[in-house]
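**Q** Build the 3D model from these lines:
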Amino acid sequence: MADAGGRRIGVIGTGRMGGPMAGRLLDAGHSLVVFDTNEAAVGPLGARGATIARSALEVANLADVVMASLPTPAIVRRSIIGPDGAMHGTRMRQFIDLSSSGAVATTEIATALAPRGIEFLDAPVSGGVAGARSGTLTVMASGPRATYDELQPLLAVFGRVLFVGEKPGLAQTLKLINNLMSATAVAITSEAMVMGVKAGLDPSVMLDVINTSSGRNSATQDKFPKHVLTRGFDFGFSAGLSFKDVRLCLEEAEALGVPMMVGSVVRQMLSITCNEYGFDTDCTSTARIVEGWGGCEIAAQPANTGDKR
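**A** Now for the predicted structure:
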């Protein structure tokens, strides 16, 4: 079935984030068209009733509102405004970019879509794969207010939606700032935890104290207890994508004339992590780099089961 407005929804990119978000649209009863270059990524959605398209262009031929959740600005550009991109579709009237594309690519896409009468929102999301599955993402949106007001109920399927301004790219800038701060939390927590462990502190106790003190952050509260101390390194966001986001943020900051000394070091840390473990390694693998430098391992210590007499 179509949504209450009679619209059919399209999703381009159904990977780690796009797949769960597309699933939530199906849960909400929307008629869905999906495309991904990885056929395995669309199979489960097709089994649930989504129409599987053969290209981004075909999605835009079949859907009124098209969303994209893609890994890099270049892929977003190619999929939407390239020679065979969605902008050439016959049915698409509104486009929402859920990706972290950066303000430069977003402005370029908005400019290309405008003459065709296609309304555009950039609406990057934060909250990871778990948030995408549970519908608890933060969605930050910018674009024409009337377009936002119309599409907000659709975006609310993904979580909490916040309007940040009408200028194209503002939401993208905010998303990159957020991701820089998140990556910085991982980097500084890695250094702090290695220092403490090498000094003889129990890492679990460290986190208990830090998380009730002023040093707490997203890494100490979530990533380290669940994905570093367990040695899983499986938060679900790659170091390569984190590096991409931090790089884009620093490039935008430079264009604005804003120096980012700390951000530059975080970019270097992520570059080293990617070079050592590969771009697909988890973003928490930065801790493994610092462990190697410090000569110790951040791991939960076994419970003391010795004789307490």
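**Q** Quick one: list the elements packing against the helix or strand of the chain with the lowest mean pLDDT.
**A** When each helix and strand of the chain is scored by mean pLDDT, DSSP states H and E, helix 128-134 comes last, with a mean of 92. Contact here means 3 or more C-beta pairs under 8 Å, 6 or more residues apart in numbering; DSSP states H and E; on that basis helix 128-134 packs against helix 18-27. For glycine as for every other residue, the C-beta is placed from the backbone atoms N, C-alpha and C.
**Q** Could you look up the SS state of Val205?
**A** Secondary structure of Val205, reduced to three states by DSSP: H, G, I helix; E, B strand; the rest coil: helix.
**Q** likewise Phe163?
**A** Secondary structure for Phe163, judged by three-state DSSP, is strand.
**Q** That one: how many residues sit nearby?
**A** In terms of burial, Phe163 registers 18 neighbours under the definition other C-beta atoms under 10 Å.
**Q** residues contacting it?
**A** With contact taken as C-beta atoms under 8 Å, 6 or more residues apart in numbering, Phe163 is in contact with Ala141, Ser142, Arg145, Tyr148, Gln152.
**Q** Let's see that with 10 Å instead.
**A** Contacts for Phe163 (C-beta atoms under 10 Å, 6 or more residues apart in numbering) come out as 121, 123, 139-143, 145, 148-149, 152, 170-171.
**Q** filter these to the buried ones?
**A** For the contacts of Phe163, a neighbour count by 16 or more other C-beta atoms under 10 Å gives the buried set as Leu121, Ala123, Val139, Met140, Ala141, Ser142, Gly143, Tyr148, Gln152, Leu170, Ala171.
**Q** just to revisit the earlier point, the least confident helix or strand of the chain: what's the following helix or strand?
**A** Toward the C-terminal end, the helix or strand that comes next after helix 128-134 (DSSP states H and E) is strand 137-142.
**Q** and the angle from that following strand to helix 18-27?
**A** Between the direction of strand 137-142 and that of helix 18-27, the angle (axes from the mean of the first three to the mean of the last three C-alpha atoms, to 10 degrees) works out to 90 degrees.
**Q** Quick one: mean pLDDT for strand 137-142?
**A** Confidence over strand 137-142, taken as the mean pLDDT, stands at 97.
**Q** One more: stretch 153-173?
**A** For stretch 153-173, mean pLDDT is 96.
**Q** Just give me how far it sits from the chain centre.
**A** With C-alpha atoms, centre = their mean, to the nearest Å as the basis, stretch 153-173 stands 14 Å off its chain's centre.
**Q** now swap in stretch 6-15 and tell me
**A** On the basis of C-alpha atoms, centre = their mean, stretch 6-15 is displaced by 17 Å from the centre of the chain it belongs to.
**Q** Send me it as CSV with only the CA atoms.
**A** Taking Å, rounded to 0.1, in the frame of the first residue of the first chain, the C-alpha atoms of stretch 6-15 are listed here in CSV:
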residue,chain,number,x,y,z
GLY,A,6,-0.8,8.1,-1.7
ARG,A,7,3.0,8.3,-2.2
ARG,A,8,5.3,5.5,-3.0
ILE,A,9,8.6,5.5,-1.2
GLY,A,10,12.0,4.6,-2.7
VAL,A,11,15.2,3.8,-0.9
ILE,A,12,18.6,3.8,-2.7
GLY,A,13,21.2,2.0,-0.5
THR,A,14,20.0,-0.7,1.8
GLY,A,15,23.2,-1.6,3.6
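**Q** Give the buried residues for that stretch.
**A** For stretch 6-15, the neighbour count (16+ other C-beta under 10 Å) marks Arg7, Arg8, Ile9, Gly10, Val11, Ile12, Gly13, Thr14, Gly15 as buried.
**Q** Check stretch 74-94 too.
**A** For stretch 74-94, a neighbour-count test (16+ other C-beta under 10 Å) marks 75-77, 79-82, 85-89, 91-92, 94 as buried.
**Q** then the helix or strand harbouring Gln268 to PDB, C-alphas only?
**A** If you go by DSSP H and E, Gln268 is part of helix 261-277. Below are the C-alpha coordinates for helix 261-277, written out as PDB (Å, rounded to 0.1, in the frame of the first residue of the first chain):
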ATOM      1  CA  MET A 261      43.900  21.300  15.800                       C
ATOM      2  CA  VAL A 262      42.400  18.500  17.800                       C
ATOM      3  CA  GLY A 263      40.300  17.400  14.800                       C
ATOM      4  CA  SER A 264      43.500  17.100  12.700                       C
ATOM      5  CA  VAL A 265      45.000  14.700  15.200                       C
ATOM      6  CA  VAL A 266      41.900  12.600  15.300                       C
ATOM      7  CA  ARG A 267      42.000  12.400  11.500                       C
ATOM      8  CA  GLN A 268      45.600  11.100  11.800                       C
ATOM      9  CA  MET A 269      44.600   8.500  14.400                       C
ATOM     10  CA  LEU A 270      41.800   7.200  12.100                       C
ATOM     11  CA  SER A 271      44.200   7.200   9.100                       C
ATOM     12  CA  ILE A 272      46.700   5.100  11.100                       C
ATOM     13  CA  THR A 273      43.800   2.700  12.200                       C
ATOM     14  CA  CYS A 274      42.700   2.300   8.600                       C
ATOM     15  CA  ASN A 275      46.200   1.700   7.400                       C
ATOM     16  CA  GLU A 276      46.800  -0.900  10.100                       C
ATOM     17  CA  TYR A 277      43.500  -2.800  10.100                       C
END
